[in-house]
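Q: here's my sequence, what's the structure:
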Amino acid sequence: MEEKINVNKNTLRNVYITVAICVAVFIVAIAVVFGFSAATLSSDKIYQGVYIGDLSVGNMTPDEAKTAVLEHYTIDTDSNLNLICGDEKRTISVESLSPAIVPDDAVNEAFSLGRTGSVFAKLKDINRIKKETQTVLFEPSLNEDVLLEAIRSISEIVNEPESENSFEITDNELIIKRGHGGKIIIEENALKDIKQNLLQTGEHTVTLTPEMVNPEPLTADLISEKVCGEAQDASYTVENYKLTIVDEKIGVTMDKAEAERIISASNDDIIRIPITTHTPEITAEELRSTLFADRLGTYSSRYNSGDVNRSYNVALACKNINEIVLAPGDVFSYNDIVGPRTAARGFKVAHVYVGNKVEDGIGGGICQVSSTLYNTVVLSDLEIVTRTNHSLPVSYVPMGRDATVSYGSIDFKFKNNTNAPIKVVGSASGGVCTVSIYGNKANPGRTVSIESVCIATNPAELEQKEDPTLPAGTINVEQAGSNGATYQTYKVISENGSVVSRNPLAKSVYVKANRIEIVGTMPTEAPAENDVAANAQPSETDAAVAATPDTEISESTPASESEAATDAEIMTEATNNAETNTNGLKPVNPAA
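A: Numbers count the residues shown, from 1 in each chain. Predicted coordinates:
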């Protein structure tokens, strides 16, 4: 009995030992497999079995593969490339294609193989690539434009383009003309063939073979996609300040099952399918006739056409804002639309005010356009977003009705607060700058006028500077000077000829500019009577400075594009827009 128990104990011990050995072997095996897998997955080399073109790059690092590609592939730039299609032949020098061997993309793609997905997916890909190999397409870099020009010169002669299915909608019938297949040289395929040919040695001749192309198969689903749908009114879009009309679409419905039966039963080129049409309410022609039908407001100002540079700037600014379209809710930015005032963009040097002095600067004159536009916007009953008056008075619009701009700092902006698109129309010719705005009037009996009221004044003073280099009694005018003032403007709304509101529009403060005279103090002999009379008058230079017509005013230290123009003022508005100017100056009608 004891012997039997001992035998069982020995047997059980042996089983335990055997199991322990098996577990140990399994663990070692797993460790070996995982160690091998980890080493494989972390390899810095391209996996075995990968080719770039006909070049094996397995077990190479990316740098080694790039070197191998550059050594393996060469292009003979002294040779010619012949393109042939039937009787057509084009010969191009390979050098004109600027070919180059650039291995980077191909090597990167080769290195990425077997390195995506889970661990098991990677190992599976690596094993598959090793057994079956995998090739990365390699193409030389070249000037495709030169190549395409030659290909297209042949295509224009040999291509037989396919004709697509065409659809004509009548009141109760859809007339379909079946499309037909054609043969054309497919540029993408031709380029691939040519690039591979250039990598070969010897003569480079590629035969371009037109390939069969067919229109989409005619089915009821295709008809439904191309033709059927609800009626759509004509509409418009506004992008980059340009308006585009989107044509109306006739609504079409049909019995798809019946359409499919008719198509299947006919081999004719012309197929007729019964349909029901639905007419849209607004056509493109009707929409065009309603857009910009009303002139919301217009205003004109006069400038000195003899000042060639300033006149050019005025005309250029008008050209930039001309035909600008704003959709409802859009904001017009004068600086954004007119752009930087630089010589490279065509603007010329003209008089500007810098620190209350007249100097030359790029873009002098464009504030006259912004001021003219400002008056038009107010008269058009649009929303002013931002407007700044000049620091000194200008004479081409009434006091309180100017709008200065300076690129990068001071802007004039307004918003289209109507329910329809509006269009700005600007012009400058013959000394008259005119800006009009067109749209759709919600209330034809509503008109706008502007009143300017002087509420404070600040008279200019006389400053005299002694100059010992000028003869005593000589007086030169360095700055003519101008009075300062504060003006309150009002926007007056009338309906059917009766004023219904008079609300403050803006307050404009203009600083004074003192008159500065240079007085000579150098002793001289008693002059003759005629000389005394001559010295008592300002010189021609002084007079020119005093007049300073069509110049500009600076709102900040840099030269702005604000201006004090001619001493003549002119304002013309829509015939239904009255104008009041309480500073004692009457507007002059340019037509008079």
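Q: tell me which stretches of the stretch 101-250 of the chain form strands.
A: 134-136, 166-169, 173-177, 182-184, 204-207, 211-213, 235-239, 242-246 (DSSP state E, counting those that start in this stretch).
Q: make CSV out of the ones you listed and add mean pLDDT, mean neighbour count and distance to Tyr334.
A: (Each C-beta comes from the backbone N, C-alpha and C, glycine too.) Shown next, in CSV, are the strands of the stretch 101-250 of the chain (pLDDT from 0 to 100; neighbours: other C-beta atoms under 10 Å; distance: least, C-beta to C-beta, whole Å):
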stretch, mean pLDDT, mean neighbour count, distance to Tyr334
strand 134-136, 95, 17, 56
strand 166-169, 94, 14, 47
strand 173-177, 95, 18, 52
strand 182-184, 95, 15, 51
strand 204-207, 94, 16, 57
strand 211-213, 95, 12, 52
strand 235-239, 96, 13, 18
strand 242-246, 97, 13, 18
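Q: how about those, which one is nearest Tyr438?
A: Tyr438 lies closest to strand 242-246 among these, at 11.5 Å (C-beta to C-beta).
Q: output the strands of the stretch 101-250 of the chain as a markdown table; include the columns distance to Lys124.
A: Shown next, in a markdown table, are the strands of the stretch 101-250 of the chain (distance: least, C-beta to C-beta, whole Å):
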| stretch | distance to Lys124 |
| --- | --- |
| strand 134-136 | 13 |
| strand 166-169 | 51 |
| strand 173-177 | 51 |
| strand 182-184 | 42 |
| strand 204-207 | 39 |
| strand 211-213 | 37 |
| strand 235-239 | 51 |
| strand 242-246 | 53 |
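Q: centroid residue for the chain?
A: Asn240 (6.5 Å; C-alpha atoms, centre = their mean).
Q: do you know how far that one is from Asp330?
A: For Asn240, the distance to Asp330 (C-beta to C-beta, to the nearest Å) stands at 11 Å.
Q: again with Arg115
A: In terms of C-beta to C-beta, Arg115 sits 51 Å off from Asp330.
Q: got it, and Asn108?
A: Counting by C-beta to C-beta, the gap from Asn108 to Asp330 is 46 Å.
Q: what is the least confident helix or strand in the chain?
A: Least confident helix or strand, the chain: helix 540-547 with a mean of 34, by mean pLDDT, DSSP states H and E.
Q: sheet partners, orientation included, of whichever strand or helix holds Glu463?
A: Here Glu463, judged by DSSP states H and E, is contained in strand 462-471. Sheet partners assigned to strand 462-471 using DSSP bridges are listed as strand 515-522 (parallel).
Q: now the partner strand, how far from the centre of its chain.
A: 55 Å (C-alpha atoms, centre = their mean, to the nearest Å).
Q: circling back to that earlier point, run through who's touching the strand holding Glu463.
A: 476, 478, 481, 514-522, 524, 527, 535 (C-beta atoms under 8 Å, 6 or more residues apart in numbering).
Q: which among the residues you listed gets closest to Ser155?
A: Set against Ser155, the nearest of the contacts of strand 462-471 by C-beta to C-beta is Glu478 (74.3 Å).
Q: before we move on, what SS does that closest one have?
A: strand (DSSP: H, G, I helix; E, B strand; the rest coil).
Q: and the pLDDT at it?
A: Here the pLDDT value assigned to Glu478 is 89.
Q: now the closest residue to it other than its chain neighbours: how far from Val448?
A: Of all residues not flanking Glu478 in the chain, Ile516 sits nearest, at 4.2 Å (C-beta to C-beta, 6 or more residues apart in numbering). Applying C-beta to C-beta, the value for Ile516 to Val448 is 41 Å.
Q: what does Ser79 give?
A: From Ser79 to Val448 the distance is 77 Å (C-beta to C-beta).
Q: those two - which one has more neighbours?
A: More crowded of Ser79 and Val448, by other C-beta atoms under 10 Å: Val448, with 21 against 15.
Q: my guess is Val146 contacts Arg90. True?
A: No - using C-beta atoms under 8 Å, Val146 is not in contact with Arg90, being 10.9 Å away.
Q: number of residues surrounding the residue nearest to Asp330 when sequence neighbours are not counted?
A: Nearest residue to Asp330, sequence neighbours excluded (C-beta to C-beta, 6+ apart): Asn416, at 5.2 Å. Asn416 is flanked by 22 other residues according to other C-beta under 10 Å.
Q: ramachandran angles for Asn416?
A: phi -80, psi 100 (degrees, to the nearest 10).
Q: shift numbering so it begins at 11
A: Noted, 11 is the first residue going forward, which turns the last one into Asn426.
Q: what comes up buried for stretch 310-330?
A: 310-315, 317, 319-328, 330 (16 or more other C-beta atoms under 10 Å).
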